[in-house]
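Enquirer: Whatever this is, show me its structure:
(chains A and B)
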There are 2 protein chains.
Amino acid sequence: MSTYTAPLDDMQFALDLAGLPEIAGLPGFEDATPDLIAAVLEEAGKFGAGVLAPINESGDRQGCRLDPDGTVHLPDGAIEAYAQFLEAGWNSLPFKPEIGGQGLPGVVGVAVSEIWQAANMAWALCPLLTTGAIEALQAHGTDEQKAIYLPKLVSGEWTGTMNLTESQAGSDLSALRCKAEPAPDLGEGVYRITGQKIFITHGDHALAENICHLVLARLPDAPPGVKGISLFLVPKILVNPDGSLGGKNDVKAVSLEHKLGIHGSPTCVMAYGDEGGAIGTLIGAPHQGLGCMFTMMNNARLNIGLQGVGIAERAYQHAAAFAKDRVQGVDVTDPKSGRTSIVHHPDVRRMLMTMRAKTEAARALTYYAAACMDLAHAHPDDTRRESAHHRLDLLTPVVKAWSTEVGFEVSDLGVQVHGGTGYIEETGAAQHLRDARISRIYEGTNGIQAIDLVSRKVLRDKGHEVHALIAEMRETHAALADAPNELAAMAPRFGIVIDDLEATTTWLLEHAIPEDAQAASTPYALLFGIAAGGWLMMKGALEAQRRLEAGEGNPTVLKSKLATARFFADAQMPFTGAHRATAMAGPDSLMAMEEDWF
Amino acid sequence: MSTYTAPLDDMQFALDLAGLPEIAGLPGFEDATPDLIAAVLEEAGKFGAGVLAPINESGDRQGCRLDPDGTVHLPDGAIEAYAQFLEAGWNSLPFKPEIGGQGLPGVVGVAVSEIWQAANMAWALCPLLTTGAIEALQAHGTDEQKAIYLPKLVSGEWTGTMNLTESQAGSDLSALRCKAEPAPDLGEGVYRITGQKIFITHGDHALAENICHLVLARLPDAPPGVKGISLFLVPKILVNPDGSLGGKNDVKAVSLEHKLGIHGSPTCVMAYGDEGGAIGTLIGAPHQGLGCMFTMMNNARLNIGLQGVGIAERAYQHAAAFAKDRVQGVDVTDPKSGRTSIVHHPDVRRMLMTMRAKTEAARALTYYAAACMDLAHAHPDDTRRESAHHRLDLLTPVVKAWSTEVGFEVSDLGVQVHGGTGYIEETGAAQHLRDARISRIYEGTNGIQAIDLVSRKVLRDKGHEVHALIAEMRETHAALADAPNELAAMAPRFGIVIDDLEATTTWLLEHAIPEDAQAASTPYALLFGIAAGGWLMMKGALEAQRRLEAGEGNPTVLKSKLATARFFADAQMPFTGAHRATAMAGPDSLMAMEEDWF
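Expert: Model (predicted):
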């Protein structure tokens, strides 16, 4: 059985490293005092451990169930947990006060969200998607849509979904076929939506009294391809102009997927307009739906990266507890001391340290990107806002791809630490692996993220932003080289990492044709993740050393930061060289086979 | 839905590369003509595709079921498939004629076994374990045991199991508690066994009329630790001296594990002696059970490596078929040609080529090790037998660990190629991932394999055998460097790989204390797998080039060998540098954390 304790010290350290002290001083965040933030995290930790974590395994075992009328039943405890979640005000935490939120920095909301994802990833997908719907409506909704929907979504009384995928249109949204016909009989700006969407997470449930589906569809005059897609708001229950609920809309879940994991989260096939047309309203301008949806997607991508962090943390805690408890063999450094817990075996240590170091690096990177989001929104200085925005854009695909790769690898190692027991479902380690697996696929596969990184984030600005990041890495490298021995010892390896990132970036800029760029994209994204995560581990080590010298903070926590940073340098950083070589090998051998040889 | 076609061309190529032509010329293998072997593989392919593969997915869905009386029910079709398997003589194929086998080289048996594992890994575990029991009895059984049991096991009328693990004794067999008391009332050499074993694969089923459990237990006068473990043969149904079946023995399955995968294979908790004592006979000398069991384990380890190869092949075929069929996006090299199947996208190619190249390398390595087994048994020259034996010993842990890592990575990539569909169980891609996961754990976890490699196979002979292998690698490297351009282009990278293996071996020899060796063991095993698999890919490329120049064989197959070899050099070989650096970083950062910091 898995238990979960929010790693408050680690989270606080990562928040500080991401720049929370500066962010908390920005206009609008006056209430975000260190004491308040610490109290919020502590309470969130209690809620995650006490309410969400206990229904994680049972939710996996029970799964969801669909009635013939389209009603979806969630596993036991999901509804009660959601009610408590709303009552405690957790749903509104990350939003701005003007729409009913609590005005905390986004990065604090991200830290809190890590707790939900770690405690119960399947359940937590519901508020995660509501957050995305709020972002899209805030940015692109009409005043009326905002007035009616935002307060309900922010409070969590209503939830949101993203409806992109159709069976013939997955990564390729240009192939979408869902239709939207103007319905002037029902009012201006009203449409009838018809078609079927697949893979709709929390497409139906009884957590909330209404569900706001954000649906991509084509208008009758739409040009073909991605430039003819519009975004619509289609509520499950129709909403009257005064905000009160009307009758049922013509939308329902027609089947549930039987998935590898996240069994507690219903993944629905949604049918729109089986009885003539689901009634919806346009969000944003006609044919601009993809851009509107990307507002939602970018937010969601950070949050999916956060799922990687959360599930990694959960799997790590699970495995570490087992390793400290399970007695097998003798300690090789002290064979006469008798049988020992496996945490003393070097090969088990290797797994635990890999789990811990990668989790910390992915958390540091994800929080850092979230902090960029805060700076991009709230900093009074135009230049700082703009540079934070560029940094966030650059890092979003890295956070999504790399943190979810970390989440999977760490949960896979968690199974391995358990040995044979890890393969038994009741142990719970395998559930983390199964749950983590989806995060590398949804919200844009990690392959799509890597292509986004290379083509839109590196090549489009001719490497400007990545070079700005590399320059900051070199500053950290210089500080490391000047630091005391144990830190300075990491400088040569970190220097190679930076060189690998720079050289591969240069290669990409010199091979800026799609075939070369796409052939190199995944190794580049993996290299980037290690470099960016490693950079923050090095910054963290410098900060931990500073605090130790200054006598600030818990020495055990700080010394463990130095240990994981050293391990990351020893055992993770060497892989950038392999990714560099793979990326720079180019597409020749990759594309050498004829299609019919496969 | 997954289908499977035995990759006969690839298998034949790997057999030739492993040295089948030489082996087929050894005394005892006179019947093993190329035509016969080709016919055997073709028929095995038909059986795998036609009988075993069709019940793979249904077996996963249905799983096994236990009656309160200890009777285990397998999924639909398992019994019928097993009856056909015996009828066609497949069970006896790999054994020597003197015990009822067909006298084919072991490496051919291994190729055939790959087909069973690929077609239906859960089902195929049953004959796999029978093979191990046969090996142990052949090597250590009494004449009476051999006379009674071997013919039935070889024909497959009876099956075998391995009973090692107890809940407190997993990787650490010294902690075994099962007891064996002499039962002179029942005859000399007869014992009453009591205790409980866990994780017993195919511990009960109705495939065969009897099940021969090989059970590790302690005699009353046993010294503590691994030197006090004896091996017993405990049949499910008692066997009369004339070989006829008697009454039920005091052994039964008391529960079935609910596992991540291999649902078609019952994993049992077995209770021995609930009603006074299960009756068994000693195999080998008292207290020498571990050595006897290792006869079985070494064979089983190669076969588990083969599961990695088989499941990788299955996952590859599944993903390649999907990638050629699934239309998404446009071809970046020819955007105007309209929408295209995803096999044209470089990032999908990267996944498919990784899957294919790693599968081929793992197959080449596994077959090569099996060929060493044939040479070690059958070569008339003492020196050749001995050197083949050393090579087999060295490679066994590498085959088990690396091929199963490949099996998992390839099936994981298979899920990713499918995108969202891969996460849906009905697609079948996720089953490969779930099934493959166990192979990294059982028959000694891959961490244990890595420690075995370093401590018993490299350090114990002071690097003698690994240096002999490295010398052969350097010969291949020299041939590569002298070959035409496309081949010679791989030589520099392969040279680095050999240097990495040699340097890390030297480091290990210089750091031959357990803590250092164990800290380095997993990266060393991974490095070794790439180097040894890569060596055979290079040898394969040279052979493919020779055949192309000589006009021998199918040019498409041979050109695809060149393509996968180049891709392996470009995209897999660079990782040896990372593993080398990680191994040689030593245990300092690995062991830096205090136990209570975790």
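Enquirer: Pull out the CA atoms of the lengthiest strand in chain A and give them to me as CSV.
Expert: The longest strand of chain A (DSSP state E) is strand A:190-201. Provided in CSV are the C-alpha atoms of strand A:190-201 (Å, rounded to 0.1, in the frame of the first residue of the first chain):
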residue,chain,number,x,y,z
VAL,A,190,-25.1,30.3,-31.2
TYR,A,191,-24.2,27.1,-33.1
ARG,A,192,-25.3,23.5,-33.4
ILE,A,193,-22.3,21.2,-33.1
THR,A,194,-22.3,17.7,-34.5
GLY,A,195,-19.7,15.0,-34.5
GLN,A,196,-17.8,12.6,-32.3
LYS,A,197,-14.8,13.3,-30.1
ILE,A,198,-12.5,10.7,-28.5
PHE,A,199,-10.2,10.5,-25.5
ILE,A,200,-12.2,13.1,-23.6
THR,A,201,-10.9,13.1,-20.1
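Enquirer: Please pull up the helix or strand immediately following it.
Expert: strand A:210-217 (DSSP states H and E).
Enquirer: Who are the packing partners of the helix or strand following that next one?
Expert: Reading on from strand A:210-217 to the C-terminus, the next helix or strand found by DSSP H and E is strand A:230-235. In terms of contacts (3 or more C-beta pairs under 8 Å, 6 or more residues apart in numbering or on different chains; DSSP states H and E), strand A:230-235 is packed against helix A:121-140, strand A:190-201, strand A:210-217, strand A:278-283, helix A:289-325. From N, CA and C alone the C-beta is placed, and that goes for glycine too.
Enquirer: And the average pLDDT for the second one is what?
Expert: Computed over strand A:190-201, the mean pLDDT rounds to 97.
Enquirer: Neighbouring strands - and their directions - for it?
Expert: strand A:179-182 (antiparallel), strand A:267-272 (antiparallel), strand A:278-283 (antiparallel) (DSSP bridges).
Enquirer: quick one: buried residues of the second one?
Expert: It refers to strand A:267-272. By neighbour count on 16 or more other C-beta atoms under 10 Å in any protein chain shown, the buried set for strand A:267-272 is A:267-272.
Enquirer: what's the closest of the residues you listed to chain B?
Expert: Looking at those and their distance to chain B, the nearest is residue A:267, at 8.3 Å (C-beta to the nearest C-beta).
Enquirer: Throw the buried residues of strand A:267-272 into a markdown table and include pLDDT, thanks.
Expert: Listed next are these as a markdown table, based on pLDDT from 0 to 100:
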| residue | pLDDT |
| --- | --- |
| A:267 | 98 |
| A:268 | 98 |
| A:269 | 98 |
| A:270 | 98 |
| A:271 | 98 |
| A:272 | 98 |
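Enquirer: and which of the residues you listed is nearest to residue A:128?
Expert: residue A:267 (13.9 Å; C-beta to C-beta).
Enquirer: I'd like to know how far the closest residue to residue A:380 other than its chain neighbours sits from chain B.
Expert: Ranked by C-beta to C-beta, 6 or more residues apart in numbering or on different chains and with sequence neighbours excluded, the top spatial neighbour of residue A:380 is residue A:27, at 6.3 Å. The gap separating residue A:27 from chain B is 39 Å, by C-beta to the nearest C-beta, to the nearest Å.
Enquirer: pretty sure residue A:27 is in contact with residue A:378, am I right?
Expert: Yes: if you go by C-beta atoms under 8 Å, residue A:27 and residue A:378 touch, sitting 6.7 Å apart.
Enquirer: Neighbour count for these two, which is higher?
Expert: Remark: of residue A:27 and residue A:378, residue A:378 carries more neighbours, 18 against 8, as counted by other C-beta atoms under 10 Å in any protein chain shown.
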